[in-house]
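[1] Next comes the sequence, and after it the predicted model I'd like to discuss.
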Amino acid sequence: MAIRLGCIADDFTGATDLANNLVRAGMRVIQLIGVPRDGAEQPLHAHSGADSEADAVVIALKSRTTPASDAVAASLRALDWLRSAGAEQIYFKYCSTFDSTRAGNIGPVTEALMDALGTDFTVATPAFPDNGRTVFKGHLFVGDVLLSESGMRHHPLTPMTDSNLVSVLGAQSTRPIGLIDHTVVAAGADKIRRRVEALREEGVGAAIVDAVSNDDLVRLGAAVKGLPLVTAGSGLAIGLPANWGFEPSPAAARLPAPRGHRAVISGSVSDATNGQVAEFLRAGGPAFSVDPLRIAAGEDVAEQALAFAAARLAEGPVLVYSTEAPGAVKDVQGRLGAAEAGELVEQTLARVARGLVESGVRQLVVAGGETSGAVVRALGITGLRIGPQIDPGVPWCAAALPGGDTLHIALKSGNFGGPGFFTTSFDRLTAELA
Ligand SMILES: Nc1ncnc2c1ncn2[C@@H]1O[C@H](COP(=O)(O)OP(=O)(O)OP(=O)(O)O)[C@@H](O)[C@H]1O
Ligand SMILES: O=C(O)[C@@H](O)C(=O)CO
């Protein structure tokens, strides 16, 4: 089997977000957790818990905040794998809030991929209008405010204090960065292509592209047909599958029927997840709170959580969460150290995930990018087949557990999902696939 589109994503939940948009536009997609070690021959069904057919493969890396040289090396390994699997075009996926620093990693990875592909031009747009991310005159908006006025300005690792993406990407790149603005994008694919040629002649290496609507992304998608490399958030994915003749079809999202118990593990501390936990508690769902200070004091909190869950799994989804409001998280971080607190919580939630699966959970929602990485690794999952969307950016997926069983799993990025996500996601799975 040869794939059409090969994708490299800089984190786990971001990879699923991209895969979701490709599936919605008609491609069958498999997401791999890291670059497979055994090379291109490795059968994809070993990763996905379903058949091996895929039109696109998304390789999920953890390269958003690593040193730039590590991110480049991992991305080039992923590129090699995707090219040997037949990929005709490469898509580098980063965050819709352009999470990066002056050192990278969006610029360095983009330029390394351009060099390896021998291409002199690419596009860059984090626009994802379905989730409120739009780019206008090169400036990124999150909802109604500029990126630099959004919560992202306080991000601990990648504080985003400049909304002008031409200057943000310029600071991370050796090549000149240009702009394809909304007047060009609105005029259609031919006009965009002509602007690309003009920028190329000026020696521009990459252009930020305005997009304020899905229609803009569809026009851009048509215009970048045949470009060896595109770079974007997940939004551009809605415009690419049509270049190979794919059309939206429920068949692209088909997964095996769900079975087994249901659970939610939440280690995300974002505003959206805090709201989802509050809504689950308000509705009276069974929930166990993981307290990092008790883990640090030596209590076996994972065991306590599993005992709590075992008695309630038959009732419906059980939630195990460490999610707290920013003030409480800061307090814990002040006492334990931010990295140490994160590590303790991730290890505990990963053990809880293993125990829940041993207790028969086969439908699992995980909230938080880092948390998802820890859980997926603990469960020995190496790949996911992408199924139907729950909310923008979050699909259900099927994974093969090491014993051969299928686990339905949804990896929710911290900021995504509606307030009722922790219950509606299961209703959605039943409605779509049962
Ligand atoms: N109560 C808590 N106190 C301190 N740290 C916590 C607490 N709960 C979770 N954490 C840690 O905070 C980090 C949250 O990161 P994670 O990526 O999982 O979620 P997020 O940042 O909200 O989501 P995303 O990255 O998808 O936007 C993890 O390392 C987690 O272990
Ligand atoms: O693009 C986004 O916002 C998400 O897919 C993501 O990358 C979250 O980490």
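    Sure thing, it's come through. Ligands and ions are numbered 1, 2, ... in the order given.
[2] What parts of the stretch 151-300 of the chain come near ligand 1?
    Counting by C-beta under 6 Å from any ligand atom, the stretch 151-300 of the chain comes close to ligand 1 at 267-270, 273, 292. The way it works is simple: take the backbone N, C-alpha and C, and place the C-beta from them, glycine included.
[3] Which members of these define the maximum pairwise distance?
    270 and 292 (16.8 Å; C-beta to C-beta).
[4] Go ahead and name everything in contact with the helix or strand where residue 426 lies.
    Here residue 426, judged by DSSP states H and E, is contained in helix 421-433. Defining contact as C-beta atoms under 8 Å, 6 or more residues apart in numbering, one finds that helix 421-433 is touched by 253-258, 262, 264, 266, 276-277, 279-280, 283, 285, 316-317, 319, 363, 365, 387-388, 390-391, 394, 396, 408, 410, 412, 417-418.
[5] Mind doing that once more with 7 Å?
    With contact meaning C-beta atoms under 7 Å, 6 or more residues apart in numbering, helix 421-433 is reached by 255, 257-258, 262, 264, 276, 280, 283, 285, 317, 319, 363, 365, 388, 390-391, 396, 408, 410, 412, 418.
[6] is any part of it close to ligand 1?
    No. If you take C-beta under 6 Å from any ligand atom as the test, helix 421-433 misses ligand 1, and the best it gets is 13.1 Å.
[7] follow-up on the earlier one: export the residues of the stretch 151-300 of the chain next to ligand 1 as JSON lines, with columns for neighbour count.
    Shown next, in JSON lines, are those (neighbours: other C-beta atoms under 10 Å):
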{"residue": "267", "neighbour count": "27"}
{"residue": "268", "neighbour count": "28"}
{"residue": "269", "neighbour count": "24"}
{"residue": "270", "neighbour count": "21"}
{"residue": "273", "neighbour count": "26"}
{"residue": "292", "neighbour count": "23"}
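[8] Out of those residues, which one has the lowest pLDDT?
    Comparing pLDDT over those, the lowest score belongs to residue 270 (89).
[9] residues near the closest residue to that one other than its chain neighbours, how many?
    Sequence neighbours aside, residue 414 is the residue nearest to residue 270 in space, at 3.2 Å (criterion: C-beta to C-beta, 6 or more residues apart in numbering). Residues contacting residue 414 under the criterion other C-beta atoms under 10 Å number 22.
[10] what are the phi and psi angles of residue 414?
    phi -50, psi -40 (degrees, to the nearest 10).
[11] if we can go back for a sec, among the residues of the stretch 151-300 of the chain next to ligand 1, pick out the one closest to residue 29, please.
    residue 268 (23.6 Å).
[12] Could I get the contacting residues of the closest residue to the closest one other than its chain neighbours?
    Distance criterion C-beta to C-beta, 6+ apart; nearest residue to residue 268, sequence neighbours excluded, is residue 368 at 3.2 Å. Going by C-beta under 7 Å, 6+ apart, residue 368 touches 266-268, 273, 414.
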